[in-house]
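Visitor: pasting the structure only:
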């Protein structure tokens, strides 16, 4: 049983139809991860113990257990507590929550990279805490993290096949379904791999370009001193 | 240029340090400091690095907390406040109110790199003093003109020289009209040829202001020109203080003599120091 071009072409449209759902799960999960990651980073470095401790513990727990187990838990175990979500919702929440713990670390490194002098100048000018965060620290800590964020977006995209485990019909599930109907797996799985490559590679290239661009800007700023 | 003004001897102090100590673990940085600064008085702090002079300013700017002792600003406790008749640790609201009377210029400028020059200067006027934008901008422009940077308002900090950056930082602190301004080694990070322009701006400010100043500096000539009083700190204590002529030309303590002599050797200061130390 060797590669059959005609058959391969015939299944491409069906595979392409699975792309939107794969992209949607990635993007929605990423947005959720970005939104959750920031407050998580702030909570973790908070001086309020009652806030920083539980958030740190939960984040560590999520980060140190496999995504697939979390997905199984949300999809198959939560219904016994009366919480029932669709595969897509579960997938987005699962991906988003899991990667928010990584993005929180990215935000943290960005925040830590803001020189201490910026905090001190804010204090000397009598800025409120909120103003210091919103106008001084965050605007300087987010841009340098953008390339790393981009990398996580690609990692999350490549992680979407995990969602097939909770019956989400994304690319991998579609390929599996095609294969089980015709008993031909070679074309379907190869094409899925190629589709992932076609979408990941240019994104990775874009992220690298962005990194070089931001690096150059950063160096320019640094060479003039702050 | 003689910029000294008459300081009212009898006026209550604008800042009063009482028994201030600061320690990091076992390391005692400040050791029971008592110091009064009168309104409008210009004091210069000199001393070897690590002698506590910068910490003295940082405690007043509330960047660091004293281990013990109290600081009063205009008769009011800085690090403490009264609650139900008892003196308790100050909360952020209290610090915010008292801190408004203090301004600071840093060794490394600490301009906001993502804001242009006018924005750097305006920001606190708009968001802390809550001035209308137009008024804040007008006042900021006026201040930038005073430091000679009116034509740079839409540049970003990274486009300025060190001296220009420091002048923006001075404008930014000055525009808030503090009662006392702290200058923490503001020329130490500058290339030698840029030091003059910054010192000129400070002299100019000193000559017209009612504002008190605390200058932490290694520029002895500058200290002499500008200060009403020079204080020599060493080992966390104020070892000697007095009018600039007395401190710089007729030092009494051995430590100050030694400091000035070393200083002379490194930086080539005026010869009278040598005479005073008896090395000539």
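Guide: The structure has been received and is ready for your questions. Keep in mind that this is a model prediction, so the values were computed, not measured. Residues are numbered from 1 along each chain as shown, chains lettered A, B, ... in the order given.
Visitor: so which helix or strand takes in residue B:22?
Guide: In this structure, residue B:22 is located in strand B:15-24 according to DSSP states H and E.
Visitor: so what secondary structure elements neighbour that strand?
Guide: Under the contact criterion of 3 or more Cβ pairs under 8 Å, 6 or more residues apart in numbering or on different chains; DSSP states H and E, strand B:15-24 touches strand B:27-37, helix B:53-60, strand B:68-73. Placement of C-beta: from N, CA and C, glycine included.
Visitor: buried deepest among the ones you listed, which one?
Guide: Most buried of the helices and strands packed on strand B:15-24 by mean neighbour count (mean count of other Cβ atoms under 10 Å in any protein chain shown) is helix B:53-60; its value is a mean of 24.
Visitor: figure out which of the helices and strands packed on strand B:15-24 is closest to chain A.
Guide: Of all those, helix B:53-60 sits nearest to chain A, with 8.3 Å by Cβ to the nearest Cβ.
Visitor: pLDDT (mean, whole number) over that closest one?
Guide: On average, the pLDDT along helix B:53-60 is 95.
Visitor: do the same with stretch B:256-271
Guide: Averaged across stretch B:256-271, pLDDT comes to 75.
Visitor: residues in chain B within reach of chain A, list them.
Guide: B:61-63, B:92, B:96, B:99-100, B:102-104, B:106, B:108-114, B:123-124, B:127-128, B:157-160, B:162, B:165, B:172-173, B:176, B:189 (Cβ under 8 Å from any Cβ of the partner chain).
Visitor: longest helix in chain B, please.
Guide: Taking DSSP state H as the criterion, chain B has its longest helix at helix B:192-208.
Visitor: which other helices and strands contact it?
Guide: Using 3+ Cβ pairs under 8 Å, 6+ apart: helix B:192-208 touches helix B:133-146, helix B:162-174, strand B:212-216, helix B:220-226.
Visitor: if we use 7 Å, what do you get?
Guide: helix B:162-174, helix B:220-226 (3 or more Cβ pairs under 7 Å, 6 or more residues apart in numbering or on different chains; DSSP states H and E).
Visitor: next, the angle from the first one to helix B:192-208.
Guide: So the one you mean is helix B:162-174. 20 degrees (axes from the mean of the first three to the mean of the last three Cα atoms, to 10 degrees).
Visitor: how many other residues sit next to residue A:194?
Guide: Residue A:194 has 12 neighbours, counted by other Cβ atoms under 10 Å in any protein chain shown.
Visitor: chain A versus residue B:167, what's the distance?
Guide: 15 Å (Cβ to the nearest Cβ, to the nearest Å).
Visitor: could you pull out the helices in chain A for me?
Guide: A:5-17, A:19-44, A:49-63, A:67-72, A:87-112, A:116-124, A:129-131, A:138-141, A:146-159, A:171-182, A:186-223.
Visitor: of those, which is nearest chain B?
Guide: Per Cβ to the nearest Cβ, nearest to chain B of those: helix A:116-124, 3.8 Å.
Visitor: what is the burial count for residue B:189?
Guide: Per other Cβ under 10 Å, the neighbour tally for residue B:189 reads 15.
Visitor: same question but for residue A:113, I mixed them up
Guide: 12.
Visitor: wait, what's in contact with it?
Guide: Residue A:113 makes contacts with A:141, A:144, as judged by Cβ atoms under 7 Å, 6 or more residues apart in numbering or on different chains.
Visitor: that one and residue B:63, how far apart?
Guide: Noted for residue A:113: a distance of 20 Å to residue B:63, by Cβ to Cβ, to the nearest Å.
Visitor: which stretches of chain A have low pLDDT?
Guide: A:1, A:217-226 (pLDDT under 70).
Visitor: just the buried ones from the residues of chain B next to chain A?
Guide: For the residues of chain B next to chain A, a burial check counting by 16 or more other Cβ atoms under 10 Å in any protein chain shown picks out B:61-63, B:96, B:99-100, B:102-104, B:106, B:108-114, B:123-124, B:127-128, B:157-158, B:160, B:162, B:165, B:172-173, B:176.
Visitor: quick revisit: okay if I get the helices and strands packed on helix B:192-208 as TSV plus distance to residue A:59 and mean pLDDT?
Guide: Shown next, in TSV, are the helices and strands packed on helix B:192-208 (distance: least, Cβ to Cβ, whole Å; pLDDT from 0 to 100):
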stretch	distance to residue A:59	mean pLDDT
helix B:162-174	38	96
helix B:220-226	52	92
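Visitor: hey, which of these is tucked in deepest?
Guide: Burial of the helices and strands packed on helix B:192-208 is given as mean neighbour count (mean count of other Cβ under 10 Å); helix B:162-174 ranks first at a mean of 25.
Visitor: and that helix, what other elements does it pack with?
Guide: Where contact means 3+ Cβ pairs under 7 Å, 6+ apart, helix B:162-174 is packed against strand B:102-105, helix B:117-127, helix B:133-146, helix B:192-208.
Visitor: and the ones you listed, which is most packed in?
Guide: The most buried one of these (mean count of other Cβ under 10 Å) is strand B:102-105, showing a mean of 26.
Visitor: can you list the strands that that one pairs with?
Guide: Note on strand B:102-105: by DSSP bridges, its sheet partners are strand B:180-184 (parallel).
Visitor: the strand it pairs with to helix B:53-60, inter-axis angle?
Guide: Interaxial angle, strand B:180-184 versus helix B:53-60 (the same axes, to 10 degrees): 140 degrees.
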